[in-house]
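Novice: Dropping the sequence and predicted coords here.
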Amino acid sequence: MKRILIVEDDRALGDGLCLALKSPEAETVLCRSLSAARSALEAGSFDLLVLDVNLPDGSGLNFLRRHRDGGGRVPVILLTANDLETDVVAGLESGADDYVTKPFSLAVLRARVNAQLRRSGEAGGPLLLDGFSFDFERMEFRRDGRLVDLSKTEQKLLRVLVENRGRTLPRELLVDRVWTDGAEYVDENALSVTVKRLRGKLEDVPSKPRYLKTVYGIGYTWIAGENGG
């Protein structure tokens, strides 16, 4: 049984989210404040956290940063009324795995929740995507059964992309996630070079990529079906 913690102070919306996300495979726990959410996380384990950004007793972003800094690894979906690119980047940089902007469709939210629950279940073994097998724990990567040798930087970039597959990630966010060694300056071309090398190792025709796509003026996205689909 999966457990979903929902942190939402709007009474009607919180109750609606609990009804919408509850299923025979998942139970929901509703908290209306960050202090209540903190107590719930300390008292039990959860498979997913659905977190409102603006709450009566503080910022959901600050709560998320402290949770990650303390070693919390629960996948987090942010609920926010802010849909500017800078707000989205701020949420992702704070440690969110996904975000949904208000107002939103419950069907879309359910799909996002199910995707995160599937991914959390994949943590114990290789991730299988359309002929690829990516095992980030063992650092073993295959394409159609063939081993592919990736550098540490290529592994970091690939992991960020496939864990956020189907979403366009800005260049600035990717640089921040991949080059986290404290370097004060990263060459602007470093990301482009790493993307080119990944394509050379993973794509059939690197000049016409099927999976690691460029979204011009924004960044990159990974497109691949689940479990070989």
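Specialist: Nice, thanks for sending it over.
Novice: CA only for contacts and neighbour counts going forward, please
Specialist: Noted.
Novice: what's the domain layout of this structure?
Specialist: Per automatic domain parsing, the structural domains of the chain span 2-121, 127-228.
Novice: As CSV, those with mean pLDDT and mean neighbour count would be great.
Specialist: CSV is the format used below for these (pLDDT from 0 to 100; neighbours: other CA atoms under 10 Å):
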stretch, mean pLDDT, mean neighbour count
domain 2-121, 88, 16
domain 127-228, 85, 15
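Novice: quick one, helices of this protein?
Specialist: Per DSSP state H, the chain has helices spanning 11-21, 34-43, 60-69, 85-93, 106-121, 152-163, 171-178, 189-202. These are given in chain order.
Novice: Mind putting those into a markdown table with distance to Met1?
Specialist: Shown next, in a markdown table, are these (distance: least, CA to CA, whole Å):
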| stretch | distance to Met1 |
| --- | --- |
| helix 11-21 | 13 |
| helix 34-43 | 17 |
| helix 60-69 | 23 |
| helix 85-93 | 27 |
| helix 106-121 | 11 |
| helix 152-163 | 23 |
| helix 171-178 | 32 |
| helix 189-202 | 36 |
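Novice: check contacts around Lys196.
Specialist: Pro206 (CA atoms under 8 Å, 6 or more residues apart in numbering).
Novice: One more pass at 7 Å, please.
Specialist: Not one residue lies near Lys196 by CA atoms under 7 Å, 6 or more residues apart in numbering.
Novice: same question, Lys22
Specialist: Thr28.
Novice: Sweet, I'm off.
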